[in-house]
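Asker: Sequence first, predicted coordinates after that:
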Amino acid sequence: MVTSSVVNTYPLSSYSFGTKEPKMEKDTSVADRLARMKLNYMKEGMRTSVEAILLVQEHNHPHILLLQIGNTFCKLPGGRLKPGENEIEGLKRKLSSKLAANSPNMQPNWQIGECVAVWWRPNFETIMYPYCPPHISKPKECKKLYVVHLSEREYFAVPKNLKLLAVPLFELYDNVQRYGPVISTIPQQLSRFQFNMIPA
C-alpha cells in the first residue's frame with residue numbers, strides 16, 4: 001500500500017486503451033440489484049465493496065477515470081469483495097477484471113494508495129451516507145474508496161459494453177444530479193493531496 005500526500009498524475013495520452021469482451025451487469029434494474037443485495041445479505045452478511053480513484057491529467061488539471069454504462073450512469077471501477085477477502089488484494093482483482101487485458105503479462109501495476117472515503121448503506125435502498133446513522137446497528141453495505149497511483153504508462157482493456165471517461169474534478173464537484181453523492185464529493189476528499197502534474 002502506498003501512502004503519500006503527493007499524487008503523480010500523468011497525461012491521459014500516456015495511456016493506451018483497447019477493448020475486451022463485454023462485462024454484463026448482473027441486474028437489469030435498481031430494484032433487481034437491491035433484491036440481489038438482500039439475498040446476498042441473508043447468506044453473507046454486510047456487503048463490503050472497494051472502488052478505485054484513478055487519476056490522470058489533461059490541460060494541467062486532474063481527471064478521474066469513470067466507467068460509463070449506457071448513456072448516463074457512471075461508476076468508479078471496483079466492486080464487491082468476497083467474504084473475508086483482503087481489501088487491497090480484492091481491489092486489485094476487481095481492477096484487473098474491469099480494466100486489464102486478459103493476457104497475464106499485460107497486467108497494470110496497481111499501486112493502491114490510501115482509503116479516502118467510507119460510505120454506508122443503512123438499508124436495502126439506493127441512498128448511502130458518509131457515516132453510519134446512529135440508529136443503524138446492521139448496515140447493509142460498507143463502501144471504501146481508495147486512491148490508486150498509476151504508473152507513467154499502462155494499457156487498459158475496457159469491456160465493449162462500457163466506456164472509460166476521463167472526467168475533470170471541476171465537472172464532478174458538487175454535481176450530485178449527474179454523478180450522485182459518492183462521486184461528486186471526490187474533489188473534497190482529494191483536496192488534501194498535492195497533484196504533481198507530470199508533462200508528456
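Answerer: Structure received.
Asker: wouldn't K143 be in contact with C115 here?
Answerer: No - contact between K143 and C115 fails when scored by CB atoms under 8 Å: they sit 10.5 Å apart. (Glycine included, C-beta is placed from N, CA and C.)
Asker: neighbour count winner among those two?
Answerer: Taking other CB atoms under 10 Å, K143 and C115 do not tie; K143 has more neighbours (19 against 16).
Asker: quick one, helices of this structure?
Answerer: 30-44, 87-99, 169-172, 176-184, 186-190 (DSSP state H).
Asker: Of all those, which one is nearest T126?
Answerer: For T126, the closest of these is helix 30-44, at 6.2 Å, according to CB to CB.
Asker: Can you mark which positions in that closest one are buried?
Answerer: Neighbour-count burial for helix 30-44 flags 34, 37, 40 (criterion: 16 or more other CB atoms under 10 Å).
Asker: Please name the residues that touch the last one.
Answerer: Contacts were defined as CB atoms under 8 Å, 6 or more residues apart in numbering; by that measure N40 touches R47.
Asker: go again using 6 Å as the cut-off
Answerer: By CB atoms under 6 Å, 6 or more residues apart in numbering, the contact list for N40 is empty.
Asker: Do you know the pLDDT at it?
Answerer: According to the prediction, N40 has pLDDT 89.
Asker: Distance check, it against M46.
Answerer: If you measure N40 against M46 using CB to CB, to the nearest Å, the figure is 10 Å.
Asker: Distance of S49 relative to A200?
Answerer: In terms of CB to CB, S49 sits 34 Å off from A200.
Asker: for this protein, which spans come out with low pLDDT?
Answerer: Applying pLDDT under 70 to the chain flags the ranges 1-2.
Asker: quick revisit: between N40 and M46, what contacts are shared?
Answerer: Shared contacts of N40 and M46 (CB under 6 Å, 6+ apart): none.
Asker: What count of nearby residues applies to the closest residue to F156 other than its chain neighbours?
Answerer: Spatial nearest neighbour of F156, chain neighbours left out: L99 (4.7 Å); criterion: CB to CB, 6 or more residues apart in numbering. Other residues near L99 come to 25 when the count uses other CB under 10 Å.
Asker: L99 and M24, how far apart?
Answerer: L99 is 16 Å from M24, by CB to CB.
Asker: again, but for E171
Answerer: Applying CB to CB to E171 and M24 gives a distance of 28 Å.
Asker: ranges for the strands of this protein?
Answerer: Taking DSSP state E, the strands of the chain run over residues 6-9, 16-20, 47-58, 61-69, 73-75, 78-80, 111-121, 141-149, 155-159, 162-168, 194-197.
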